[in-house]
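# one predicted model, sequence on top.
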Amino acid sequence: MTPEEFRLAGHELIDWIADHRASAADRPVRARTGPGEVAAALPDRPPTQVESFDAVMADLDSVVVPGMFEMQHPMHFGWFPANAELSSILGDLASAGLSSVGISWESAPALTEVEEVVCDWMRQLVGLSDNWFGSITDTASTGCLTAMLAARERASSLSQNHGGLQAVESPLVVYSTKQAHSSVVKAALLAGFGWDNIVMVDTDPVTFAMDPESLASCVAADVAAGKTPAVVVAAVGTTGTTAMDPVAAIVEVASTVGAWVHVDAAMAGTAMLLPECRHLWDGVEGADSISWNPHKWMGTILDCSLFYVRDTDQLQSVMSTNPSYLQSSADGEVTQYRDWGIPLGRRFRALKIWFQLRLDGVEAIKDRIRRDLDNAQWLAEQVVAAPGWQVLAPVDLQTVCVLHTPVLRGESVDGESGASEPMTGQALDDHTLSWVRAINESGEAFLSPSQLNGRWMARVSIGVLSTEHQHVAELWKCLQDAVEVNNLQR
């Protein structure tokens with residue numbers, strides 16, 4: 001493809017993307033294809049002849065789009081937001097067009113230095129002190145793994161430079177909770193800690209946040225058993241309920257044994273753009289690392305995750321690689337991001353944030369976040385006021401965990417209505433899954449079923465770019481209608 005051919009095709013593709021975004025609400029939220037249906041519509045052998053751009057676009061419409069979940073749909077209330085501002089998409093396009101390879105400062109000075117500046121902008125915007133230094137990676141999962149590796153080596157006096165974990169006499173321990181994201185356990189396993197050395201700390205029965213007293217007890221028991229507490233992961237916004245672990249209390253416990261504290265704020269980090277939300281991570285300045293994803297609620301297109309540390313020397317002592325073919329006269333004067341994480345090469349991800357902040361403005365992002373917070377509170381108020389409905393967890397941000405409990409009416413011996421009892425156990429689980437499934441399969445809206453305390457609930461996550469109050473009101477009616485239909489069918 002020549003530059004001129006690219007120009008023509010690119011204009012057509014940009015028009016297609018704009019039309020697709022503008023018409024998102026006209027399509028079902030959920031993908032309309034079954035397992036294997038998309039693959040069956042594609043040739044089983046690679047193309048051997050050049051095809052027209054029109055043919056490719058036709059297949060994009062007829063094969064790909066029906067098999068896509070509409071993450072930007074205003075009635076998407078499942079998982080967490082994966083917003084993609086069009087301004088950020090332009091930054092992604094610029095990154096692809098420049099085709100830079102960030103294997104060193106020398107290979108792309110602008111890539112490195114724009115990333116440094118953008119990370120510092122974001123540090124300032126969420127109220128962190130200048131003791132923090134950031135980089136951009138793909139996801140918070142990678143950030144968590146990087147933190148685990150840095151923590152492991154601090155706790156083992158850089159064992160990687162000697163015999164590795166096999167030579168460490170005292171087992172190294174990781175602390176988290178069952179409410180934390182699954183990537184925490186995955187990172188601990190990949191970092192070599194092992195299942196036997198992952199401790200699930202108790203959570204508060206009301207807030208579902210980590211209980212610092214339970215953490216202190218677990219740490220004390222492990223020290224008494226000859227183990228070494230290495231890292232505590234504090235979730236600022238758990239996946240199931242968006243619970244906020246008490247960072248200050250966790251830091252205090254961890255400091256008594258020198259354990260690394262990693263703050264996983266993958267979704268909730270965006271809330272810290274608002275000064276009124278920063279109390280939710282009080283104590284964060286005492287942590288060792290933080291990860292959060294602008295590619296969730298903030299609206300920077302995937303993949304774009306911020307990873308901050310205070311001790312860059314420790315990070316580089318674990319991650320540094322300096323092959324002869326990458327050495328240059330600038331070494332020692334510049335940041336080499338290859339020494340800050342796992343990959344050698346990196347994309348120019350900073351352009352996504354750079355474009356978004358400059359074209360949309362921070363105040364517009366803040367206004368949208370406040371809109372979502374207000375909508376979540378409104379929905380919670382409707383649920384609490386409705387008979388048979390409950391909000392199961394505090395609504396700290398934009399996630400509302402709801403449950404509908406039907407009342408079972410018995411019959412007396414004379415045929416009249418007897419005592420009424422709320423549905424419980426497996427029957428209640430079946431009821432919940434049934435009405436949530438009905439909504440999701442309709443394509444009208446989408447929300448996530450999730451378990452809390454071993455029982456199923458409906459998890460409503462508010463925060464898609466186009467979701468306004470009217471859409472939340474439509475969802476509330478949709479929930480009520482689905483429950484009514486389910487009760488009639490029962």
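The structure has been received and is ready for your questions. Residues are numbered from 1 along each chain as shown.

# from here on, contacts and neighbour counts on C-alpha atoms
OK.

# residue 348 contacts residue 113, doesn't it?
No - counting by C-alpha atoms under 8 Å, residue 348 stays clear of residue 113, with 10.5 Å between them.

# neighbour count winner among those two?
In this view residue 348 and residue 113 are compared by other C-alpha atoms under 10 Å, and residue 348 has more residues nearby, 23 against 15.

# residues contacting that one?
95, 100-102, 111, 115 (C-alpha atoms under 8 Å, 6 or more residues apart in numbering).

# run the last query once more with 7 Å
The contact partners of residue 348, by C-alpha atoms under 7 Å, 6 or more residues apart in numbering, come to 95, 100, 111.

# do residue 301 as well
Neighbouring residues of residue 301 by C-alpha under 7 Å, 6+ apart: 83-85, 88-89, 295, 352.

# just the buried members of those?
Buried residues within the contacts of residue 301, counting neighbours by 16 or more other C-alpha atoms under 10 Å: 83-85, 88-89, 295, 352.

# okay if I get those residues as JSON lines plus pLDDT, secondary structure and distance to residue 309?
Output for the buried ones among the contacts of residue 301, formatted as JSON lines (pLDDT from 0 to 100; DSSP: H, G, I helix; E, B strand; the rest coil; distance: C-alpha to C-alpha, whole Å):
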{"residue": "83", "pLDDT": "95", "secondary structure": "coil", "distance to residue 309": "26"}
{"residue": "84", "pLDDT": "96", "secondary structure": "coil", "distance to residue 309": "26"}
{"residue": "85", "pLDDT": "97", "secondary structure": "coil", "distance to residue 309": "27"}
{"residue": "88", "pLDDT": "97", "secondary structure": "helix", "distance to residue 309": "25"}
{"residue": "89", "pLDDT": "97", "secondary structure": "helix", "distance to residue 309": "28"}
{"residue": "295", "pLDDT": "97", "secondary structure": "coil", "distance to residue 309": "20"}
{"residue": "352", "pLDDT": "98", "secondary structure": "helix", "distance to residue 309": "22"}
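
# nearest to residue 386 among those?
The closest of the buried ones among the contacts of residue 301 to residue 386 turns out to be residue 83 (C-alpha to C-alpha; 30.9 Å).

# now whatever helix or strand residue 56 lives in: buried residues?
In the assignment (DSSP states H and E), residue 56 maps to helix 53-59. Going by neighbour count (16+ other C-alpha under 10 Å), the buried part of helix 53-59 is residue 57.

# helix, strand, or coil at residue 134?
strand (DSSP: H, G, I helix; E, B strand; the rest coil).

# touching, it and residue 311? I think so.
No - judged on C-alpha atoms under 7 Å, residue 134 makes no contact with residue 311 at a distance of 10.8 Å.

# who's more crowded, the two?
Using other C-alpha under 10 Å, the more surrounded residue of residue 134 and residue 311 is residue 134, with 25 against 14.

# domains for the chain, by residue range?
If you go by automatic domain parsing, the domain ranges for the chain are 3-68, 92-362, 368-411+421-489.

# how about the ones you listed in TSV, adding distance to residue 74?
Output for these, formatted as TSV (distance: least, C-alpha to C-alpha, whole Å):
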stretch	distance to residue 74
domain 3-68	6
domain 92-362	14
domain 368-411+421-489	4
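
# select, out of these, the one closest to residue 75.
Residue 75 lies closest to domain 368-411+421-489 among the domains of the chain, at 4.8 Å (C-alpha to C-alpha).

# tell me the gap between the closest one and the middle of its chain.
Here the centre of domain 368-411+421-489 is set off from its chain's centre by 21 Å, with C-alpha atoms, centre = their mean, to the nearest Å.

# same list, the contacts of residue 301, but as a markdown table with distance to residue 8 please.
Shown next, in a markdown table, are these (distance: C-alpha to C-alpha, whole Å):
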| residue | distance to residue 8 |
| --- | --- |
| 83 | 28 |
| 84 | 24 |
| 85 | 24 |
| 88 | 22 |
| 89 | 19 |
| 295 | 29 |
| 352 | 24 |
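
# and these, which two are furthest apart?
Within the contacts of residue 301, 83 and 352 form the most distant pair, 12.4 Å apart (C-alpha to C-alpha).

# ok, which stretches of the stretch 301-450 of the chain are strands?
All strands of the stretch 301-450 of the chain, identified by DSSP state E, counting those that start in this stretch, fall at 305-309, 389-391, 399-404, 407-411, 417-422, 446-452.

# redo those strands as CSV? Include mean neighbour count.
Formatted as CSV, these follow (neighbours: other C-alpha atoms under 10 Å):
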stretch, mean neighbour count
strand 305-309, 25
strand 389-391, 19
strand 399-404, 24
strand 407-411, 13
strand 417-422, 12
strand 446-452, 20
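
# and of those strands, who's closest to residue 218?
Smallest distance to residue 218 across the strands of the stretch 301-450 of the chain (C-alpha to C-alpha): 22.9 Å, for strand 446-452.

# strand partners of that closest one, parallel vs antiparallel please.
In the sheet, strand 446-452 lines up against strand 76-77 (parallel), strand 455-461 (antiparallel) (DSSP bridges).

# okay, the ones you listed in TSV with mean pLDDT, distance to residue 217 and mean neighbour count next?
Shown next, in TSV, are the strands paired with strand 446-452 (pLDDT from 0 to 100; distance: least, C-alpha to C-alpha, whole Å; neighbours: other C-alpha atoms under 10 Å):
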stretch	mean pLDDT	distance to residue 217	mean neighbour count
strand 76-77	96	38	29
strand 455-461	96	28	23
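
# need the ones you listed in TSV with distance to residue 380, can you?
Formatted as TSV, those follow (distance: least, C-alpha to C-alpha, whole Å):
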stretch	distance to residue 380
strand 76-77	14
strand 455-461	10
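
# out of those, the one nearest residue 333 is which?
Among these, strand 455-461 sits nearest to residue 333 (C-alpha to C-alpha), with 44.8 Å.

# show me what the helix or strand that comes right after the closest one is packed against.
Once strand 455-461 ends, the next helix or strand along the chain (criterion: DSSP H and E) is helix 469-489. On a contact count with 3 or more C-alpha pairs under 7 Å, 6 or more residues apart in numbering; DSSP states H and E, helix 469-489 meets helix 425-442.

# kindly provide the whole-number mean pLDDT of the helix it packs on.
Across helix 425-442, the average pLDDT comes to 95.

# buried ones in it?
428-429, 431-433, 435-441.

# tell me the pLDDT at residue 410?
At residue 410, pLDDT is 63.

# do residue 418 as well
We have a pLDDT of 61 for residue 418.

# what about the closest residue to residue 190 other than its chain neighbours, helix or strand, and which?
The spatial neighbour of residue 190 that comes closest, neighbours along the chain excluded (C-alpha to C-alpha, 6 or more residues apart in numbering), is residue 145 at 7.6 Å. Element membership of residue 145 [criterion: DSSP H and E] is helix 140-155.
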